[in-house]
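**Q** curious how this folds, go ahead:
(chains A and B)
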Amino acid sequence: MGDILGSLREIVGERWVSDRPEELWYYSRDPGVLEPHRPDYVVAPDSVEQVQKIVQLAVREKVPVVPMGNAMALTGLVIPLKGGIVVDMKRMNRILEVNERARYAVVEGGTSQGALKAYLQDHYPHLRHSLPDAPAATTIAANVALHGQGRLTQQYGFNSEMVCGLEVVLPTGEVCRIGSPSLGPYWFSRSHTLPDLSGLFLGWLGTTGIITKVGIRLYPNKKLRDLEIFVTDIPELVPEAIYRLTHLELLEDITAWFQPKPLMFKDNYHVTIYFTGDTEEELEFKRKMVWGCLQEFIDSKDGGFMGVDPLKPQLLEMPQRSVAEFADVPRGGGFEYSGPITLVEHFPKYAEKVVELARKYDLLYSGMARVISGGHAMMFAISFAFNRADRDMMERVKKAMDEATEFALQMGSIPWKPNFMEQRMILEKMDPVTRELIHRIRRLMDPHGIMNPGNWEVQ
Amino acid sequence: MWALRYDPEICRECPSPRCLLQCQYMEMGEEEARGEILKLSRGEDSRVLEECMTCYGCEEYCPYGNHPYFLICEMREKRGIYTAPRPITNQWINMTQMQGRALIGKVGEVVLSSCLLPSLGTMASTGEIFSQISSSMVFGAEFMCPAVHTHFAKMSVVKERLPQVLDNFRKLGVKRVICLHDECYGTFTTLAKAYGIEVPFEPVYYMDFLLEKLEELKPKITPLNITAVYQRPCSNRWIPEKQDVLRRILDLLGVRLLDRNHQGERSLCCGGILRLIGGYKLADEIQRRNIADMADTGADYCIFNCPACQETLGSRVAKAGLKPIHIIDLCKMALGEISQEEE
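**A** Purely as a prediction, here's the structure:
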């Protein structure tokens, strides 16, 4: 093995490389419950050329490369399971282009959600992107790479479906452009009408290349936003309520959720309905449509709309901070969730399972489902908060999560951003021909097996 | 269990059923109103049990203090009638549960109660009016009057919790409780009496306290020279005799209260509870009428007494061109503690 540290310094400059234990400690973990694993080096490139050279070095030295956004997936996706070089992308944070009329932006692979949001607010206030309810420092590239969701997922699908072009450094060190940017200067399409090569990178969790540029669709940013919360004590009503709401084709975002604390939420199921408008009249029209489509449940007294005025400042935040607050209820700031993608009609069964797991492992729970693409599916987050200083509690969370994944697979769901153990469970259950295809693609793309090894590995 | 002190004979002999005739939400002629109140007095089914919007108005309209509103609530609960959707009703029961997390200041013989309304605590924690009393504040479900559950016809919750609340005050050893929320004062003086529940302290109406303090601070008051309308809260219906205190305060502050159609006995609900019980269409319509009535006066300000009303109606009032303000903040403004621009 050559002088990797020295070579990395030559590529990015001394300041942007480290093998110091205190820095490697930070890059060995994420805020979830998985055991940390130390990388050998961490490097922060500033250009696609530097990323290429890092990958070429890793190929030569046969050391793993783990691309990292902000390490907030919570499922250990950038924990370097086999050591090697963590490539921290945060310096590559430039917003390269906004095409106002075609409504897309091109950003570098380390650009944060917060940076794009702020840029659009300052320069294009009538445009927005689909912001996830994650800390503002999380990155756009990582979010699309793991099929993340955001505020506009109900209307337009997963955030990964909003990708309109990619630039990727392949595991060979070559740079590849996907979609319309492979043919010309415009980033309006990731595939149509070409073979959709973006599928080689989205959902692969950094095992097939490092995303250095992303084209992302933008959408109208209406002047006003508002919300209503429908409440019922019958979980079976939730899918029907969502079906009626999505039929309206009017709403920004729909989430269904339940939690035992604070007490005002105890024993009820809540559907938060966000809508937007450029005028008060537009908002009122939408509000009336929302109320009207659920009137039958109000008349039967099985459901109703709760008063939301005091909660509005918090609920209209983007991103919301309530997740972080939930994480700290047992003190110690730990939070982990399993988020299977499943049918909306399965909501009651998942709701029952969350409570069952919480009881079995003595944990504080929260259940939340975000509607995807007008009700084709939902992401159901089975969430537990824990105290990081309490090893026993963390172990119980881990067990509950494993059981949740097992349950999700039994229910025919797709676990979202699965950790490496869940990936194994998925691959085991998967159709063998599909599994073999994944294996072949992986081998073809990354013949040296250096890209985020330990993830999506067919044994 | 506590029983309502209601005398059916009074209703049967009543010459005018104004309790129902005056109702702002149910329309009925005199004959029908008489018939419906007689049904209620006999414990029979009545359209009132289905249609009452829980505005508390009939408690004020009844000239005999015979508690028609509490009777309606009792009869609804007995029949298992939910005024609001069941999950909403239970939400209110859950969110107002005592959890042993009340905040208790340095309590002496006099205590300042901010109920379970944080904004009241915030307003009363600063300024010269409260300077000698703000440190003795209590806040939390342990000190919250449970009157809100009458809206949901859950009198069993009211009767279970009110004695506990009173006992919590008793344990503090206080002699006087200054109630910053009308609902608390109304509960301690009217609802408790209607059920024969003894109150172990002297309830003090906060506007009486404001008036007394403003008299003391008179030299520091700069007349505001503004015009205003007033949003009367539902719980003020239980203490109509206190309406004059507001006028006296406004006179001291140099605020001219403009007459409007929906004032006094004809006041309209802010729409908060109405939305839960009567639905959005009725709530929107009532709010529209109420705000149009305010705007027609051309007043500068809309004065709120209840923070819940202000939260519900404040932004809507502002959109109609009136500045929403709580009476406590209005007093502070006249004392120069907050500026008109700031407010």
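**Q** so where's chain A uncertain?
**A** Scanning chain A with the threshold set as pLDDT under 70 gives A:1, A:323-324, A:327.
**Q** near chain B, which residues of it are found?
**A** A:231-233, A:262-268, A:280, A:287-288, A:291, A:295, A:297-298, A:301-307, A:309-310 (CB under 8 Å from any CB of the partner chain). For every residue, glycine as well, the C-beta is placed using N, CA and C.
**Q** in strands, which of those fall?
**A** A:231, A:232, A:303, A:304, A:305 (DSSP state E).
**Q** ok, and the closest non-adjacent residue to residue A:407?
**A** Excluding the flanking residues, the one nearest residue A:407 by CB to CB, 6 or more residues apart in numbering or on different chains is residue A:353, at 5.4 Å.
**Q** one step back: and the ones in strands among the residues of chain A next to chain B, which two are furthest apart?
**A** A:232 and A:305 (10.6 Å; CB to CB).
**Q** quick one: the helices in the stretch 151-300 of chain A?
**A** Secondary structure of the stretch 151-300 of chain A (DSSP state H, counting those that start in this stretch): helices located at A:153-156, A:237-247, A:280-293, A:295-299.
**Q** just say which of those helices is most tucked in.
**A** helix A:153-156 (a mean of 22; mean count of other CB atoms under 10 Å in any protein chain shown).
**Q** so what touches that one?
**A** A:130, A:159, A:162, A:217, A:219, A:246, A:251-254, A:370-374 (CB atoms under 8 Å, 6 or more residues apart in numbering or on different chains).
**Q** run the last query once more with 7 Å
**A** Contact with helix A:153-156 is made by A:130, A:159, A:162, A:219, A:251, A:252, A:253, A:254, A:370, A:371, A:372, A:374, as judged by CB atoms under 7 Å, 6 or more residues apart in numbering or on different chains.
**Q** so how far is that helix from its chain's centroid?
**A** Taking CA atoms, centre = their mean, to the nearest Å, the mean C-alpha location of helix A:153-156 is offset from the chain mean by 14 Å.
**Q** just the CA trace of it, in CSV.
**A** Output in CSV follows, covering the C-alpha atoms of helix A:153-156 (Å, rounded to 0.1, in the frame of the first residue of the first chain):
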residue,chain,number,x,y,z
THR,A,153,-43.9,14.0,-2.7
GLN,A,154,-47.6,13.7,-2.3
GLN,A,155,-48.0,15.6,-5.6
TYR,A,156,-45.0,14.6,-7.6
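**Q** got a list of what the nearest residue to residue B:267 once chain neighbours are set aside touches?
**A** Leaving out its chain neighbours, the residue that sits closest to residue B:267 by CB to CB, 6+ apart is residue B:232, at 4.0 Å. Residue B:232 is in contact with B:263, B:267, B:305, counting by CB under 7 Å, 6+ apart.
**Q** and residue B:232, backbone torsions?
**A** Torsion angles at residue B:232 (phi, psi; degrees, to the nearest 10) stand at phi -80, psi 130.
**Q** now the residue nearest to residue A:407, what's its secondary structure?
**A** For residue A:353, the assignment made with DSSP: H, G, I helix; E, B strand; the rest coil gives helix.
**Q** what about it, distance to residue A:113?
**A** Per CB to CB, to the nearest Å, residue A:353 is found 30 Å from residue A:113.
**Q** run the angle between the longest strand along chain A and helix A:237-247 for me.
**A** Scanning chain A for the strand with the most residues, using DSSP E, yields strand A:377-387. In terms of direction (axes from the mean of the first three to the mean of the last three CA atoms, to 10 degrees), strand A:377-387 departs from helix A:237-247 by 130 degrees.
**Q** what are the buried residues along the helix or strand containing residue B:256?
**A** Using DSSP states H and E, residue B:256 falls within strand B:255-257. Buried residues in strand B:255-257, defined by neighbour count with 16 or more other CB atoms under 10 Å in any protein chain shown: B:255, B:257.
**Q** thank you, goodbye.
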